[in-house]
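Q: For reference, the sequence and a predicted model appear below.
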Amino acid sequence: MGKKNGSENDDEGSEVEFVADKNYGDPEKYDPSFHGPIDNRSCTDVICCLLFLAFIVGMFVVGGYAWMNGDPRKLVYPTDYKGQICGITPGVETKKYLFFFDLLKCSSTLSSFQLTCPTKQICLETCPTETYTALTEVFLNVVNVAPDFSKIKPYCDYGFDPETEYNDPTSKYHRDADGLQKMLEDEKCPTYYVESEPFLDRCVPQFLIDVVEGVLDAATSKDQFTSNITDSLNGKNLTLSNGQTFQPEDLASYLSDAVTIFLNFQKTAAMILDDFYAVWYSILLGLCAAMLVSFVYIVLMRFIAGPMVLFGIIGLHAVTAWGCYYCWTRYKELEDMQTDAEQSLADIGFTTDLNSYLNLKDTWYAFGITLAVIFGLLLLITLCLCKQIRIAIGMIQEASKAVASIISTLFFPVVPFILQVILFFVWGSIALFLASSGVQDCLKVAPSDSTFTYVDWNVSRVNFECDCSVNYTKADDTALSQLNISGFEDLDITCEFQSYEVPDLALYFQAYNLFGLFWLMYFIIALCQVTLAGAFASWYWTFHKKDTPTLAVTASFWRAIRYHLGSIAFGSLIIAIIKMIRVFLEYLERKLKGQENDVVKYLIKCLKCCFWCLEKFMKFLNKNAYIMIAVYGKNFCTSAKKAFFLLMRNFLRVFVVNQLTDFLLFLGVLFVVFLCSVCSFYYFTNSITVVAEYVPAPDVNYYWLPIITIGVGSYVIAKGFFSVYDMAVDTLFLCFLEDLERHDGSAEKPYYMSKNLMKIVGKKNKKIKKTKQ
């Protein structure tokens with residue numbers, strides 16, 4: 001980067017110094033008043049702090065709106081065709097179970113991946129206990145036999161008495177006007193119902209529940225169900241109100257298609273919830289064990305960092321060298337054989353049979369050359385960066401000493417962890433209440449005429465909207481009469497609930513809430529980084545390490561919240577904006593899927609890649625900027641510039657230290673997750689007899705569920721604990737670089753680094769000579 005610059009204190013084996021590139025600023029100058037994180041500082045980035053506080057107020061406003069307008073019970077409990085929540089809404093509080101008039105219509109809906117079932121749904125106190133078809137009564141009516149309404153009435157629409165309507169001469173459902181048939185056509189009563197059981201507060205056919213639960217006689221149950229339908233129909237086919245005809249033996253298959261998907265999902269979800277309830281304490285103990293293992297691993301890093309890096313480098317070279325040797329031996333073996341090994345790649349061409357390529361000597365020749373080149377490059381890089389690797393190992397060992405000296409830093413991640421748990425709980429609650437803040441979307445429908453829709457009539461949707469909370473009567477409907485169209489006068493029109501429609505304001509609030517999640521999450525992470533950086537910088541810039549401040553973490557935390565909330569909010573805001581842009585690009589890509597042209601598709605892919613790279617770079621820059629903020633107390637932009645220039649003046653060292661640190665931390669996380677996951681596997685499968693005898697594992701439906709939960713939780717915990725170590729390495733490394741620039745080892749300007757680091761870089765502090773009196 002420049003010409004050589006000697007120093008009178010350089011001794012044998014000293015590292016060659018270089019004049020810094022002026023494009024990246026001048027090296028730090030000696031400041032006799034600087035002895036670590038300065039106490040005389042002022043508030044930074046005040047405007048951004050005020051903006052952050054205003055945003056928090058906005059989060060309270062969004063939360064208040066969600067609390068007043070949302071009801072998560074809408075997302076959990078079933079809702080009838082009037083929008084009433086079964087078992088909750090006054091009037092149906094004793095009717096807990098949802099009953100579907102025609103499950104066959106749900107079959108066609110599920111096959112088209114829609115979320116609603118286009119049939120009338122009402123709340124019942126009990127589900128049907130037998131299989132029955134109302135068309136049997138229609139057949140009896142034809143031969144002048146009075147229908148038995150006792151089996152139909154309990155499942156008819158609210159307040160509808162089929163027997164009264166049937167015997168009322170003024171009713172459109174009178175016996176002389178084919179009243180019973182019209183009742184079924186207008187969905188006043190169900191065409192049929194089957195023996196059902198409550199499943200997640202829905203009435204689901206019994207035989208389907210048996211199938212899902214895996215009983216051995218499921219087929220017999222289904223055959224019995226078909227037999228019941230055959231008996232009910234007196235051997236006749238089932239004809240629905242739309243004219244479609246089904247044979248009795250086909251009905252079970254269609255019903256199976258209608259709810260099997262629903263049952264599988266809902267049954268699995270219920271079993272998973274039961275498993276979590278049964279093993280929650282075991283999962284909690286597993287996560288505590290992950291915390292303990294992470295703690296022990298960090299303590300041991302000061303002793304094993306050097307050997308791990310050394311063995312890792314030797315192992316990498318050994319693997320590549322062995323790969324070269326193996327490829328060479330395979331090449332010689334195939335060369336000595338007079339069979340297909342004499343073929344070339346051109347003779348075989350393209351094939352999915354990989355063994356055909358592995359039987360070619362040219363394949364192993366190419367592999368051998370590739371591995372030989374990789375081995376040569378690795379060896380050359382190792383030899384050239386030997387001293388940089390030694391510096392990286394030294395920094396990792398120094399970080400272990402710093403963590404051991406300020407033991408409270410190991411427990412500090414618990415604070416941001418708790419804050420993030422609270423944040424996710426609040427965010428999830430607000431998101432849930434916003435998602436359930438929708439208003440009822442009700443439309444006018446005519447059960448006997450499927451073409452009675454605003455689409456088929458080519459009119460505005462508003463003309464078919466209605467209010468489910470009031471009793472709809474066609475005579476009071478002015479919207480239809482003003483359309484100057486005919487064809488609805490003889491139809492029985494009702495107002496039915498379609499879905500909950502989330503207002504646009506709630507959608508905007510969801511976006512605001514998501515942005516708040518990103519901003520606050522990275523704010524908490526940044527607060528943790530500034531606090532840890534201040535503590536570790538205090539340790540480094542203490543000349544005699546035994547004099548390190550006792551409450552270094554507390555003092556650093558106070559400086560962060562007292563002076564630098566604005567700078568922390570500034571840095572986290574940048575990451576949150578980038579994150580929201582990436583989310584928007586993902587949303588845009590999904591919305592345009594199947595519609596975009598190749599140019600738009602390519603452009604979105606490029607933007608996603610660019611913003612991913614930008615996010616990675618900004619996280620790296622922010623982290624080093626926070627270190628400078630913790631040490632010098634400057635604003636975010638000044639600190640980011642100072643950190644960037646310092647890193648660029650020492651680019652090679654930065655690269656090596658970061659890579660080796662990431663390697664060791666990756667091994668640490670992998671070790672913690674692997675150990676906890678394997679132990680949980682043996683525990684929940686009762687594979688260890690001694691343990692199973694004294695501490696048996698709880699009975700669960702899916703033993704892999706707690707194993708995966710503990711594995712994921714261990715990963716999160718290990719990442720949190722190792723972030724302390726990573727922050728220690730980065731902070732001490734920046735302090736080390738500044739130490740080299742600020743000082744020269746003289747009595748006036750001594751180095752603050754350890755003797756081990758001074759030995760690696762070929763530096764030493766001069767001893768003060770005592771003069772004789």
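A: Ah, there it is.
Q: show me where the stretch 51-200 of the chain has helices.
A: With DSSP state H, counting those that start in this stretch as the criterion, the stretch 51-200 of the chain has helices at 73-76, 103-111, 135-142, 162-167, 179-185.
Q: Could I get the average pLDDT for the first one?
A: It stands for helix 73-76. The pLDDT scores in helix 73-76 average 75.
Q: what's Leu565 in contact with, if anything?
A: Counting by Cβ atoms under 8 Å, 6 or more residues apart in numbering, Leu565 touches 49, 52. C-beta coordinates here come from the backbone N, C-alpha and C atoms, glycine included.
Q: Ok, the one 4 residues further on next?
A: Going by Cβ under 8 Å, 6+ apart, Ala569 touches 45, 48-49, 51-52, 519, 523.
Q: biggest separation within the residues you listed, which pair?
A: Asp45 and Trp519 (14.4 Å; Cβ to Cβ).
Q: Just give me the closest of the contacts of Ala569 to Tyr715.
A: Distances from Tyr715 to the contacts of Ala569, taken by Cβ to Cβ, are shortest for Phe523, at 22.6 Å.
Q: Tell me how many other residues surround the closest one.
A: 25 (other Cβ atoms under 10 Å).
Q: tell me which element the residue lying closest to it once chain neighbours are set aside is part of?
A: Leaving aside its sequence neighbours, Phe523 sits nearest to Ser572 (Cβ to Cβ, 6 or more residues apart in numbering; 4.2 Å). Here Ser572, judged by DSSP states H and E, is contained in helix 565-591.
Q: pLDDT on that helix, on average?
A: 92.
Q: helix or strand right after that helix?
A: Where DSSP H and E defines the elements, the next helix or strand beyond helix 565-591 is helix 598-632.
Q: for that next one, packing partners?
A: helix 504-540, helix 552-563, helix 565-591, helix 636-649, helix 704-742 (3 or more Cβ pairs under 8 Å, 6 or more residues apart in numbering; DSSP states H and E).
Q: so Tyr540 makes contact with Leu732?
A: Yes - between Tyr540 and Leu732 there is a contact at 5.4 Å, judged by Cβ atoms under 8 Å.
Q: shared neighbours of these two, which are they?
A: Ala402.
Q: what residue ranges in the stretch 551-700 of the chain are flagged as low confidence?
A: 594, 596, 688-693, 695-697 (pLDDT under 70).
Q: what separates the nearest residue to Met758 once chain neighbours are set aside from Ala392, distance-wise?
A: What sits nearest to Met758 in space, not counting adjacent residues and going by Cβ to Cβ, 6+ apart, is Lys764, at 5.4 Å. Distance of Lys764 to Ala392, given as Cβ to Cβ, to the nearest Å: 21 Å.
Q: Settle it for me: which of those two has more neighbours?
A: Ala392 (27 against 16).
Q: The more buried one belongs to a helix?
A: Yes - with DSSP: H, G, I helix; E, B strand; the rest coil as the criterion, Ala392 is part of a helix.
Q: ok, so what distance separates it from Thr409?
A: For Ala392, the distance to Thr409 - Cβ to Cβ - is 21 Å.
Q: out of everything not next to it in sequence, what's closest to Asn622?
A: Gly571 (4.4 Å).
Q: on that earlier part again, can you get me a residue count around the residue nearest to Phe523?
A: Neighbour tally, Ser572, other Cβ under 10 Å: 24.
Q: re earlier: centre of the chain to the helix holding Ser572, how far?
A: 16 Å (Cα atoms, centre = their mean, to the nearest Å).
Q: ok and that helix relative to helix 504-540, angle-wise?
A: Computed by axes from the mean of the first three to the mean of the last three Cα atoms, to 10 degrees, the angle separating helix 565-591 from helix 504-540 equals 130 degrees.
Q: Next, the contact list for the closest residue in space to Thr94 that isn't next to it in sequence, please.
A: Take Thr94 and drop its neighbours on the chain: the residue closest to it by Cβ to Cβ, 6+ apart is Glu125, 5.9 Å away. Going by Cβ under 8 Å, 6+ apart, Glu125 touches 94-97.
Q: Format the residues you listed as CSV; extra columns: neighbour count and distance to Arg330.
A: Shown next, in CSV, are the contacts of Glu125 (neighbours: other Cβ atoms under 10 Å; distance: Cβ to Cβ, whole Å):
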residue, neighbour count, distance to Arg330
Thr94, 10, 78
Lys95, 19, 75
Lys96, 18, 70
Tyr97, 22, 68
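Q: Of those, just say which sits nearest to Lys172.
A: Lys95 (26.8 Å).
Q: Looks like that closest one contacts Cys123 (just checking).
A: Yes - with contact defined as Cβ under 8 Å, Lys95 counts as touching Cys123 (3.7 Å).
Q: intersection of neighbour lists for those two?
A: Counting by Cβ under 8 Å, 6+ apart, the residues touching both Lys95 and Cys123 are 86-87.
Q: what about Lys29, neighbour count?
A: Using other Cβ under 10 Å, the number of residues around Lys29 comes to 8.
Q: Pull the number of nearby residues for Ser150.
A: 9.
Q: can you tell me how far it sits from Gln181?
A: Using Cβ to Cβ, Ser150 is found at 19 Å from Gln181.
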